[in-house]
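Asker: got a predicted structure here, sequence first:
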Amino acid sequence: MTTRQVGERVQRREDPRLLTGNGRYVDDLGRGALQAAFVRSPHAHARVVDIDIADAWELDGVEAVYTWDDLDGRVAEPLPVLIPHPAMTHARTGTCLARDEVNHVGEAVVMVVARDRYVAEDACGRITVTYETLPAVVGLENARAADRLVHDDVPGNVSATLRQEVGDVDTAMAAAPNRLTLDLEIERSACMPMEGKGVYARWDADDESLRLYSSTQTSTGVRAAVAAKLGMPLAKVEVVTPDVGGGFGVKIVHPWPEEVLVPWAARRLGRDVKWTEDRREHFVSSAHERGQLQEVEVGFDDDGRLLALDVRFWHDNGAYTPYGIIVPIITATQLLGPYKPGAYRVEFWSLYTNTVLVTPYRGAGRPQGCYAMERTMDAIAAHLGLDRAEVRSRNFIQPDEMPYDHGLMFQDGRPLKYDSGDFPASLAKLKALVGWDDFAAYREQAAAEGRRVGLGIGCYVEGTGVGPYEGGHVQVETSGRVNVATGLTTQGQGHQTVLAQIVADELGVRLEDVHVTTGDTRRMAYAVGTFASRGAVMSGNAVALAAKVVREKALRIAADALEVSADDLEIADGVISVKGAPGTSIGLSTVAVLSNPLRYAFDASAAAATQFAGTFDPDKPRSPTTTSRASRARTSTPPPRPPSPTGCTPPSSRPTPSPPRSASCGTASSTTAASWSTR
């Protein structure tokens with residue numbers, strides 16, 4: 001039987017190509033394309049008074065110079081707010097090129113397109129932008145004071161404020177025998193993938209279609225955004241995400257201005273256009289995260305158990321809010337971790353500053369919440385003279401309380417409900433692994449040797465498997481090759497290995513016969529993206545369901561060919577055989593041939609499915625082996641696996657399975673609903 005794959009140590013499918021320098025990144029493409037470069041603001045806050053581009057045109061090789069005045073249609077309008085929220089009363093986004101004002105260092109003001117990047121950069125150096133500097137708002141203290149405004153029409157620099165409360169916090173806090181207050185601060189951090197952003201656009205004037213290659217975490221999102229901005233039918237836009245050298249959240253934002261401008265310029269010029277972000281550009285113009293000021297008041301009993309928790313925090317969202325307030329919502333809800341807080345109230349203010357925008361990055365608000373809660377737990381332990389691990393354990397949600405509903409709304413608009421978990425057992429295992437109870441003696445010994453050692457502890461619960469959906473597409477070719485596609489993009493997670501393992505197990509084929517494509521809207525047009533530890537939960541389940549549909553179809557066709565019940569068949573190593581009688585079998589590659597009556601023969605396998613191949617009922621699947629059903633049932637060796645087109649069984653000869661599938665030949669696709677998991 002086929003070796004079980006999921007959970008086993010296998011050689012990663014993508015490693016040989018990547019480790020031998022054969023990766024394919026955006027900058028490896030479009031060698032003959034025109035190249036774009038940008039003039040970016042050196043000021044955090046300034047009014048654009050004048051732009052002089054005359055000298056740039058003196059350079060040989062300059063093809064175009066664009067300012068905001070050159071943009072047309074929706075390309076000139078502000079970029080979208082991807083995730084609106086009722087609490088977000090003053091959402092603001094920038095334009096692809098700054099119009100009258102720049103609001104952070106690195107904001108794009110002018111785009112130059114030239115025959116190569118060198119000429120484009122030289123032309124940028126010849127462009128003179130006259131600025132009138134304005135007072136900048138930098139730091140949360142200044143934003144909160146609101147003596148200066150980032151946007152003149154946003155009172156108090158507040159983009160959003162949101163409050164959630166469970167229980168009577170004021171009463172519980174007043175009655176608590178112990179109370180503490182903590183003032184905390186978290187600095188901003190920057191995402192630093194090895195590969196910056198990159199965009200390469202190819203415009204087909206005859207077909208009026210666009211193909212875009214982008215180093216993104218959501219190819220389908222970029223596709224929809226670009227189609228909307230350029231006023232194109234969605235079917236005329238293709239987005240392919242090749243290998244990506246790290247994402248970490250900065251590439252989940254879409255569209256970045258360059259993802260709109262590059263294809264817009266390609267269409268306008270009728271030429272391929274490419275832009276690759278250099279390291280300096282990434283430093284000054286890409287996204288940050290983390291920055292918050294936090295005030296925590298906690299009430300607890302003499303055993304260290306929480307009675308009331310009141311949290312207020314101020315979140316730095318930068319100059320614009322394209323991703324809404326997802327990050328502070330996650331802070332507000334994931335702050336609770338594995339604990340029961342008693343009565344809980346949390347309120348936050350998301351503030352504008354003259355800095356680059358904030359996007360989800362490596363935890364997306366959860367590290368800030370974890371920091372607040374774990375500092376609080378340590379403070380309680382210190383106040384009562386208790387062991388830090390014991391205080392945490394006393395506040396854990398217990399296994400028999402699962403599923404546990406916190407009564408809050410999470411970032412996906414669904415209740416903050418934990419489905420399962422045994423936090424006491426996890427902590428006990430961790431303490432044993434690190435020698436927690438023996439650490440005091442170890443520290444004394446280290447001190448006697450002149451060494452200072454410490455032992456920290458932190459507990460958290462991660463919201464993963466965020467919906468609303470992902471899709472999977474599975475296809476068996478007549479060669480026996482199994483093609484799998486999902487809309488997820490890949491930045492090193494090992495999707496080509498993991499998804500191949502899942503399909504190999506579900507379909508009963510060898511791992512090496514499964515080939516996975518990710519992030520290509522030509523293969524899977526609808527998806528959400530790669531973030532929040534959702535790949536295996538969402539796309540993994542989608543491709544598993546699709547593989548089940550293909551398996552059911554294959555068994556149904558094989559049962560007819562072998563004149564047995566489908567319930568009596570099994571698949572192993574790509575061969576369908578009768579249980580207990582392995583000599584009675586048929587190859588999955590043969591079944592792919594039988595699934596599609598053909599008019600034209602391209603190889604031996606296809607010839608067996610053409611209309612004059614034998615005297616068979618044309619409404620029944622055909623077998624390429626012999627002319628009688630009895631002799632077909634004795635077939636034990638599948639035919640060779642030459643490559644040929646795949647096909648579909650006519651609708652009249654097959655029942656429709658209950659899971660959804662695509663209409664394409666020999667394929668099935670399915671989607672999964674949103675799932676919630678805890679860690």
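Answerer: Right, received. Where do you want to start? Everything quoted here is computed from the prediction, not taken from an experiment.

Asker: now the helices: where do they sit in the stretch 51-200 of the chain?
Answerer: Remark: helices assigned in the stretch 51-200 of the chain by DSSP state H, counting those that start in this stretch are 117-126, 140-145, 169-175.

Asker: mind putting these into JSON lines with mean pLDDT, mean neighbour count and distance to residue 14?
Answerer: C-beta coordinates here come from the backbone N, C-alpha and C atoms, glycine included. Shown next, in JSON lines, are the helices of the stretch 51-200 of the chain (pLDDT from 0 to 100; neighbours: other Cβ atoms under 10 Å; distance: least, Cβ to Cβ, whole Å):
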{"stretch": "helix 117-126", "mean pLDDT": "98", "mean neighbour count": "19", "distance to residue 14": "29"}
{"stretch": "helix 140-145", "mean pLDDT": "97", "mean neighbour count": "18", "distance to residue 14": "41"}
{"stretch": "helix 169-175", "mean pLDDT": "97", "mean neighbour count": "15", "distance to residue 14": "50"}
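
Asker: and these: which comes nearest residue 441?
Answerer: helix 169-175 (38.9 Å; Cβ to Cβ).

Asker: ok, back up a step: can you list the helices of the stretch 51-200 of the chain in CSV and add distance to residue 407?
Answerer: Formatted as CSV, those follow (distance: least, Cβ to Cβ, whole Å):
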stretch, distance to residue 407
helix 117-126, 53
helix 140-145, 29
helix 169-175, 13
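
Asker: please identify which of those helices is closest to residue 284.
Answerer: Among these, helix 117-126 comes nearest to residue 284, with 13.8 Å by Cβ to Cβ.

Asker: mind giving me the packing neighbours of the closest one?
Answerer: strand 34-40, strand 62-66, strand 108-114 (3 or more Cβ pairs under 8 Å, 6 or more residues apart in numbering; DSSP states H and E).

Asker: that older thread, the helices of the stretch 51-200 of the chain: which one's closest to residue 101?
Answerer: Using Cβ to Cβ, the nearest of the helices of the stretch 51-200 of the chain to residue 101 is helix 140-145, at 17.4 Å.

Asker: out of the helices and strands packed on helix 117-126, which one sits most buried?
Answerer: Greatest average neighbour count among the helices and strands packed on helix 117-126 goes to strand 108-114 (a mean of 25), per mean count of other Cβ atoms under 10 Å.

Asker: now that one against helix 117-126, angle please.
Answerer: 140 degrees (axes from the mean of the first three to the mean of the last three Cα atoms, to 10 degrees).

Asker: distance from the chain centre to strand 108-114, please.
Answerer: Mean-position distance between strand 108-114 and its chain equals 29 Å (Cα atoms, centre = their mean, to the nearest Å).

Asker: report the backbone C-alpha coordinates of it in CSV.
Answerer: The C-alpha trace of strand 108-114 is given here as CSV (Å, rounded to 0.1, in the frame of the first residue of the first chain):
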residue,chain,number,x,y,z
ALA,A,108,6.4,58.3,-4.0
VAL,A,109,6.1,61.7,-5.8
VAL,A,110,7.3,61.0,-9.4
MET,A,111,7.6,57.8,-11.4
VAL,A,112,10.2,57.5,-14.2
VAL,A,113,10.2,54.7,-16.8
ALA,A,114,13.4,54.1,-18.8
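
Asker: angle of that strand against strand 62-66?
Answerer: Orientation of strand 108-114 against strand 62-66 (the same axes, to 10 degrees) gives an angle of 160 degrees.

Asker: I'd like to know which elements strand 108-114 is packed against.
Answerer: Against strand 108-114 (3+ Cβ pairs under 8 Å, 6+ apart) you get strand 34-40, strand 46-52, strand 62-66, helix 117-126, helix 257-269.

Asker: list the strands paired with the first one, with their directions.
Answerer: Strand 34-40 has its sheet partners listed here by DSSP bridges as strand 108-114 (antiparallel), strand 273-276 (parallel).

Asker: who wins for proximity to residue 565 among the helices and strands packed on helix 117-126?
Answerer: Smallest distance to residue 565 across the helices and strands packed on helix 117-126 (Cβ to Cβ): 62.2 Å, for strand 34-40.

Asker: helices along the stretch 501-650 of the chain, start to end?
Answerer: 540-562, 588-594, 604-607, 629-633.

Asker: rewinding a little: redo the strands paired with strand 34-40 as CSV? Include distance to residue 556.
Answerer: Shown next, in CSV, are the strands paired with strand 34-40 (distance: least, Cβ to Cβ, whole Å):
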stretch, distance to residue 556
strand 108-114, 55
strand 273-276, 48
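
Asker: make a markdown table out of the helices and strands packed on strand 108-114 and add distance to residue 537.
Answerer: Putting these into a markdown table (distance: least, Cβ to Cβ, whole Å) gives the following:
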| stretch | distance to residue 537 |
| --- | --- |
| strand 34-40 | 37 |
| strand 46-52 | 45 |
| strand 62-66 | 42 |
| helix 117-126 | 40 |
| helix 257-269 | 27 |
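
Asker: picking that back up, output the strands paired with strand 34-40 in CSV; the columns should cover mean pLDDT.
Answerer: CSV is the format used below for those (pLDDT from 0 to 100):
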stretch, mean pLDDT
strand 108-114, 98
strand 273-276, 98
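
Asker: ok, now how distant is the residue most central in space within the chain from residue 252?
Answerer: Taking Cα atoms, centre = their mean, the centroid of the chain lies closest to residue 530, which sits 1.5 Å from it. Distance of residue 530 to residue 252, computed by Cβ to Cβ, to the nearest Å: 8 Å.

Asker: go on, residue 550?
Answerer: 31 Å.

Asker: do residue 60 as well
Answerer: 39 Å.

Asker: for those two, indicate the residue with more neighbours.
Answerer: The residue with more neighbours, out of residue 60 and residue 252, is residue 252; 25 against 7, by other Cβ atoms under 10 Å.
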